[in-house]
Each structure stands twice: as structure tokens, then as C-alpha cells.
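1. show me how the following folds:
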Amino acid sequence: MQYSKKHYIIFFIIKVLSYIPFWALYVISDIMYYPLYYIIRYRRKIVRKNLTESFPEKNHHEIVSIEKKFYHFFMDMVLESGKLATISPNEIMKRMKFSNIKMTNDLLDQGKSVDYFMGHYCNWEWMTSIGLWIKDDVVCAQVYHKLINPTFDEIIKQMRERMGNICVEMRETARFVANMASQNKPCMVALIADQSPKRRQIKHYVKFLNHTVPVLVGPEKIAKHFGHIPVFVNARRVKRGYYECVFTPLHDNPSSLPDYELSDIYFKHLEDEIRRQPECYLWTHNRFKYAEY
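-> As a prediction, this is how the structure comes out:
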């Protein structure tokens, strides 16, 4: 692919910064946390509103505690994501572990395709390293929402594809999966499924974090229509710079489920995950803008 001059300049800067060792990265993160939280106050109103409404059982002190932990984590995650430009496969496999990957590879060996249902939780950018753990002859795709800025869109794709995955734009997902099916090739598709649909595309609401919210039903439709096995990626932050993911099958025959039940199951798993480590969810996202209370 032919990149623009602007692309090369920005990516060069990111690469240079990505060589900063992790210990120094976290020193920078600790320093940057203070202006981000106290001076810039980046989306503080949205974060406070989301936390307060999601956890009505918690008092003010508990909400503020989660809020501050979130901003510390958020700064870490942003800087960690930049490391994707240069981090080695061996290093990221030490830091982002997929503990029961054999289950996925066994399904792929049986000729079945697998859909990973994920959320904006822990370091989802590092989860693009899943391709390093999957059989070499399997296409690993990550569905993404194209950025408005074409230069940054190219850079993000370049970084995400370093570990052997391919990026598939959201609107091209069905076409990609259909192409794999026509060739009888099992594939692995990673779907961040907790985004809000556009108002005109709302078809289903779920109870999620004390809200009734509209949800994307595309991931469910893909799994049911093409007979993929839906698997929830349960992530946790072990310590700074280290994560572990465990896979939980959502259902062994999703096509047998009534419409939207698979989405309900996914959001129940996601909520349970968030409640275990609430500071690791993306609270700056205006997730509840179309909520019905």
C-alpha cells in the first residue's frame, strides 16, 4: 500500500515513542494522569454520570475512587497501545495471555468458525495479538469502525495488523464472512459488540449496568446466519502491563436461539466482567446516550 508523507511522519514519531521502556512509560503515565484528570478534566462529566448511574448502590466516595482508578488505567492503556508499533511477538505474548486458546483451535480444527464477542474493556488494542495464538492456516479478522481521518485510520490498521490479523471494516463484515464460507475456510472474527447503534438502526434493547440500552445486533446475526460459534472474551488486568483472557462459549448452537437472545447473553457476561474490575471499562464513551430509563 502506498502511504502519504504525513502517514510516514506520524508513524515514525509513534515508533520512536514506542521504544520507551515500560517502566519509563508508566512514570510518564503517572505524571500525565494529573493534568488529564484535574486540569483538562477529559470527559469528566460523562465519566461521573456513567459511573453514578451504573452503580447506584455505591456512595460518592466509592464512585470517585473508581473514577480515579479509571483515569490512571486509561492513561496506561493509551500509552501501552502505542507500543503495538514495535513490540515483539514474544513480548506481547508474555503480557497479553489467552489461557484456554486450545478450545478455539480445536473448534477451528473441526472446520468451525469462531466469533469472539468482546467489549471496550482492559486493553482491547493488545487483544489484536490473538492471531499469534491461532493456527497459522486460519484467517484472523478484527472488525473495526473506520476512522474519519484517513491518515490515522491507516496507521491504526497498520499497527493492529502487525501480529498477523487483518482489519475488516464493520460494513464489510458480512461480505468477508460470506467469502470465507464460500471457500469452506474456517475463520476467527473478533467483534467489539458493545457500541451503540445509530438511532435509525435500533432493533433491540437490553438491561445493562442499570440502563436499558439499544445494542448492535449485527454480531448476533453473523454468528447465527453463518453457524459460527460465539465465544465471550473474558479479560482481566493481572497487573500493570499484564492481561489475561479466558474464553467462554456463549452458546453451542446460536441459530436455535430466539432473535436477540444471544445479544442478551453477551451483555450479561460483559456486565459481570465490568463489575469485577470497573476501572477497566471505557467510561469516557457516551454509551448510554439512547438509554431508556
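2. show me where the stretch 151-293 of the chain has its helices.
-> With helices called from DSSP state H, counting those that start in this stretch, the stretch 151-293 of the chain shows them at 173-182, 218-226, 261-276.
3. okay, those, which one's buried deepest?
-> With neighbours taken as mean count of other Cβ atoms under 10 Å, the helices of the stretch 151-293 of the chain reach their highest mean count in helix 218-226, at a mean of 21. Where you see a C-beta, it was placed from the backbone N, CA and C, and this is true even at glycine.
4. can I get that one in PDB, CA atoms only?
-> Provided in PDB are the C-alpha atoms of helix 218-226 (Å, rounded to 0.1, in the frame of the first residue of the first chain):
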ATOM      1  CA  GLY A 218     -25.000  -7.400  13.700                       C
ATOM      2  CA  PRO A 219     -22.600  -9.700  15.600                       C
ATOM      3  CA  GLU A 220     -25.500 -12.000  16.600                       C
ATOM      4  CA  LYS A 221     -26.800 -12.100  13.000                       C
ATOM      5  CA  ILE A 222     -23.300 -13.000  11.700                       C
ATOM      6  CA  ALA A 223     -23.000 -15.900  14.200                       C
ATOM      7  CA  LYS A 224     -26.500 -17.200  13.600                       C
ATOM      8  CA  HIS A 225     -26.600 -16.900   9.900                       C
ATOM      9  CA  PHE A 226     -23.200 -18.500   9.200                       C
END
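5. contact partners of that helix?
-> Under the criterion Cβ atoms under 8 Å, 6 or more residues apart in numbering, residues 113, 115, 117, 170, 173-174, 177-178, 181, 189, 191, 193, 228-230, 254-255, 257, 260, 262-263, 266 lie in contact with helix 218-226.
6. that helix to helix 261-276, inter-axis angle?
-> Counting by axes from the mean of the first three to the mean of the last three Cα atoms, to 10 degrees, helix 218-226 lies at 140 degrees to helix 261-276.
7. what about helix 218-226, distance to the chain center?
-> Its chain's average C-alpha position is 18 Å from that of helix 218-226, according to Cα atoms, centre = their mean, to the nearest Å.
8. check stretch 209-223 too.
-> That offset, for stretch 209-223, works out to 15 Å (Cα atoms, centre = their mean).
9. same check, this time on stretch 51-61
-> With Cα atoms, centre = their mean, you get 24 Å for stretch 51-61.
10. ok, residue 142 - contacts?
-> Counting by Cβ under 8 Å, 6+ apart, residue 142 makes contact with 128, 160, 165-168, 189-190.
11. check it and give its pLDDT.
-> Residue 142 carries a pLDDT value of 93.
12. Three-state assignment for it, please.
-> Here residue 142 is recorded as strand under DSSP: H, G, I helix; E, B strand; the rest coil.
13. now it. Nearest residue, chain neighbours left out?
-> residue 190 (4.4 Å; Cβ to Cβ, 6 or more residues apart in numbering).
14. that neighbour: how many residues sit nearby?
-> Neighbour count for residue 190, taken as other Cβ atoms under 10 Å: 23.
15. likewise for residue 253?
-> When neighbours are defined as other Cβ under 10 Å, residue 253 has 9 of them.
16. what's the separation between it and residue 193?
-> Distance, residue 253 to residue 193, by Cβ to Cβ, to the nearest Å: 19 Å.
17. all strands for the stretch 51-200 of the chain, in order.
-> Using DSSP state E, counting those that start in this stretch, the strands of the stretch 51-200 of the chain run over residues 96-98, 114-118, 139-144, 166-169, 187-192.
18. what does stretch 161-177 rub up against?
-> 84-85, 89, 92, 113, 128-132, 139-146, 157, 160, 187, 189-191, 218, 222, 226, 228.
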